[in-house]
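Chemist: Need a 3D model of the following:
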Amino acid sequence: MQKVNYIIFDLGGVLVDWDPEYLYKKLFTDQKEMRHFLSHICTPDWNEQQDAGRRLLEATDILVEEHPHYETEIRAFYGRWAEMLGGPIQGTVEILQTLINKKIPVFALTNWSAETYPIAHSQYDFLQWFEDIIVSGHEGIRKPFAEIYQLAGKRFGVKPKETLFIDDNLRNIKGAQAVGFQTIHFKNPTALKKELIHLGILP
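Modeler: Alright, predicted model coming up:
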């Protein structure tokens, strides 16, 4: 295996705990209805279009027109978006700090709306530790498409074969592998640490 000289982190689900249920458990008394809402109305696919650059107001208005009886809940998705943040995933933050202490260049590549990312950036100091961050919403492209990984390689000044990409979404891992990155499919901080030790990156 090629020596790892650079590491790129995903953010949501790896370093930042984000879950729409944190908000919607407050808005729905019926958990079955809540899960139906999040899987059929404010869906992950819908949210990803905002990660690719669609404006939040436009996205919200589209759904309100389609599902007017859920207007309050739909508008809450971005109107109360900060309540979906559960805080840092502390074990991964500690790993990030260790890598920085070892002088390993670290970057971030995240699928995130350009309009909501500043909320998290203002809350979590560790998001300022990276040498650079690519936010999909700023670029109009997102994972798992090849263009965003190629952009990361160019902008960060890294060669994919020398770079380890860490993400909790297997689809995004496969996208990175397709353009030549080494990868770790993130499950939890303990498993990540073991894999980094196995690769000789951590002692």
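Chemist: Domain map for the chain?
Modeler: What automatic domain parsing lists as the domains of the chain is 6-17+86-198, 19-84.
Chemist: hey, which of those is tucked in deepest?
Modeler: Ranked by mean neighbour count, these are led by domain 6-17+86-198 with a mean of 18 (mean count of other Cβ atoms under 10 Å). Where C-beta positions appear, they are placed from N, C-alpha and C, glycine not excepted.
Chemist: For residue 197, identify the helix or strand it belongs to.
Modeler: Taking DSSP states H and E as the criterion, residue 197 maps to helix 189-198.
Chemist: my bad, residue 87
Modeler: Residue 87 is part of strand 85-88, with elements assigned from DSSP H and E.
Chemist: Show me what that strand is packed against.
Modeler: Based on contacts counted as 3 or more Cβ pairs under 8 Å, 6 or more residues apart in numbering; DSSP states H and E, the elements that strand 85-88 packs against are strand 16-18, helix 117-123.
Chemist: Tell me where this structure has strands.
Modeler: 6-9, 16-18, 85-88, 106-110, 133-135, 163-167, 182-185 (DSSP state E).
Chemist: before we move on, back to that, how about the CA coordinates for the strand holding residue 87, as PDB?
Modeler: Extracted in PDB, the C-alpha atoms of strand 85-88 (Å, rounded to 0.1, in the frame of the first residue of the first chain):
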ATOM      1  CA  LEU A  85     -26.800  19.200  15.400                       C
ATOM      2  CA  GLY A  86     -25.900  16.800  18.200                       C
ATOM      3  CA  GLY A  87     -22.400  18.200  18.800                       C
ATOM      4  CA  PRO A  88     -18.900  17.000  18.000                       C
END
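Chemist: and of the helices and strands packed on strand 85-88, who's closest to residue 90?
Modeler: If you check each of those against residue 90 by Cβ to Cβ, strand 16-18 wins as the nearest, at 9.4 Å.
Chemist: So what sits opposite the residue nearest to residue 195 when sequence neighbours are not counted in the bridge?
Modeler: Counting by Cβ to Cβ, 6 or more residues apart in numbering, residue 184 is the residue found nearest to residue 195 once chain neighbours are left out, at 5.2 Å. Counting by DSSP bridges, residue 184 forms beta bridges with residue 166.
Chemist: Now do the same contact list for residue 184.
Modeler: Residues in contact with residue 184, defined by Cβ atoms under 8 Å, 6 or more residues apart in numbering, are 164-166, 173, 192, 195-196.
Chemist: same thing with residue 112?
Modeler: By Cβ under 8 Å, 6+ apart, the contact list for residue 112 reads 11-12, 51, 120, 135-137.
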